[in-house]
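Colleague: Take a look and give me a structure for this.
(chains A and B)
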Amino acid sequence: MDVLKSEVDANFDYFERNLSQFLPDHLGQYALLHQRTLVDFFDKAGDAYRAGLSRFPDKLFSIQEVNDEPVDLGFFSRVGG
Amino acid sequence: MTNLWTSAFSHVLAVNGRHNGRRIVLPVAILGAENPADLTHVRALALLDTGATVSGIGPRIIHELGLESHQKRRLVSATEIRFVDYYLFRIGLFAEQGDVSAQESSIPYIFGESDGFSWGREGDFEVILGMDILKQCEFSSDRSGQWALLFG
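Modeller: All right, here's what the predicted structure looks like:
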């Protein structure tokens, strides 16, 4: 497993465990995460992504939308991607 | 892959087409999101999919643009729960300009970043144009098969 995927997976685990705390005040925003820690919230995915690139030159970070609604992939929901 | 610095200053407003009764497929440009000024893009065919919450891109595009996934989402369907990798990218539509058809135009109208999903295998189309883009457009389709997207 590559290093970035490990970082994304670890941060996702942290994010899911804490999502209920983030939802009331940050629904629809994007969380920037690094080493299982919340760095900051941003209104747009691009802003969170570019902040991650700026703060972590090794690109080992992740972003997650603060939302507990399931996504529907349309055509690919049916064919299994 | 093409570099189009000229498109930064162009605004186009419509793309039209005729569907075959089964699906609406149109040419699009996919760009990275790291640098908003970078207009390097990959051309691909997109399926217009009102059932997709967000847009998505296939493996060739990810490879050619050198995109990396920094996000994952839980997908819940009727039969399973699984995770999908998300990528940040931008979508451009080739709108008609005068007598130039959408397929021939080289100047894309570029939407803001999409954080969309990916899938692992090649198909008849390489982009899903989901509701994140469609909600920024006016869409119409008539019974003759003519459809139109208005945006900008």
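Colleague: Tell me, how many residues neighbour the nearest residue to B:W147 once chain neighbours are set aside?
Modeller: Once flanking residues are discounted, B:W147 sits nearest to B:S141: 4.1 Å by Cβ to Cβ, 6 or more residues apart in numbering or on different chains. To be clear about C-beta, it is placed using only N, CA and C from the backbone, and glycine gets the same treatment. A count of nearby residues for B:S141, using other Cβ atoms under 10 Å in any protein chain shown, gives 15.
Colleague: Isn't B:S141 up against B:H19?
Modeller: Yes: look at B:S141 against B:H19 with Cβ atoms under 8 Å: they come within range, at 7.2 Å.
Colleague: in chain B, what residue is nearest chain A?
Modeller: B:A52 (3.0 Å; Cβ to the nearest Cβ).
Colleague: ok, back up a step: got a list of what the residue nearest to B:W147 touches?
Modeller: Residues in contact with B:S141, defined by Cβ atoms under 8 Å, 6 or more residues apart in numbering or on different chains, are B:H19, B:I24, B:W147, B:A148.
Colleague: Which of those fall in helices?
Modeller: Taking DSSP state H, every one of the contacts of B:S141 sits outside helices.
Colleague: out of those, which is most surrounded?
Modeller: Busiest of these [other Cβ under 10 Å] is B:I24, holding 19 neighbours.
Colleague: From A:R55, how far out is that residue?
Modeller: Applying Cβ to Cβ, to the nearest Å, the value for B:I24 to A:R55 is 41 Å.
Colleague: For chain A, which residues are neighbours of chain B?
Modeller: Residues of chain A lying close to chain B (Cβ under 8 Å from any Cβ of the partner chain) are A:4-5, A:8-9, A:12, A:30, A:44-46, A:49-50, A:52-53, A:59, A:61-65, A:70-77, A:81.
Colleague: Give me the ChimeraX select line for these, limited to the buried ones.
Modeller: Buried subset of these, written as a ChimeraX selection, criterion 16 or more other Cβ atoms under 10 Å in any protein chain shown:
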select /A:4,8,12,30,45,46,49,50,52,61,62,63,64,65,71,72,73,74,75,76,77,81
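Colleague: Scan chain B for its longest helix.
Modeller: Counting by DSSP H, the longest helix found in chain B is helix B:59-65.
Colleague: avg pLDDT for that one?
Modeller: Mean pLDDT, helix B:59-65: 95.
Colleague: wait, what's in contact with residue 28?
Modeller: No chain in the question, so chain A it is. Per Cβ under 8 Å, 6+ apart, neighbours of A:G28: A:E65, A:V66, A:N67.
Colleague: My question was about chain B, not that one.
Modeller: B:R43, B:A44, B:L45, B:A46, B:I91, B:G92, B:L93, B:F94, B:P108, B:V127, B:L129.
Colleague: which ones among those residues are found in helices?
Modeller: Per DSSP H, the subset of the contacts of B:V28 in helices is empty.
Colleague: now these as a markdown table including pLDDT, neighbour count and distance to chain A?
Modeller: Shown next, in a markdown table, are the contacts of B:V28 (pLDDT from 0 to 100; neighbours: other Cβ atoms under 10 Å in any protein chain shown; distance: Cβ to the nearest Cβ, whole Å):
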| residue | pLDDT | neighbour count | distance to chain A |
| --- | --- | --- | --- |
| B:R43 | 94 | 18 | 20 |
| B:A44 | 95 | 18 | 15 |
| B:L45 | 94 | 14 | 13 |
| B:A46 | 94 | 24 | 11 |
| B:I91 | 96 | 26 | 13 |
| B:G92 | 94 | 21 | 15 |
| B:L93 | 92 | 25 | 18 |
| B:F94 | 87 | 23 | 22 |
| B:P108 | 82 | 25 | 17 |
| B:V127 | 95 | 28 | 11 |
| B:L129 | 94 | 27 | 10 |
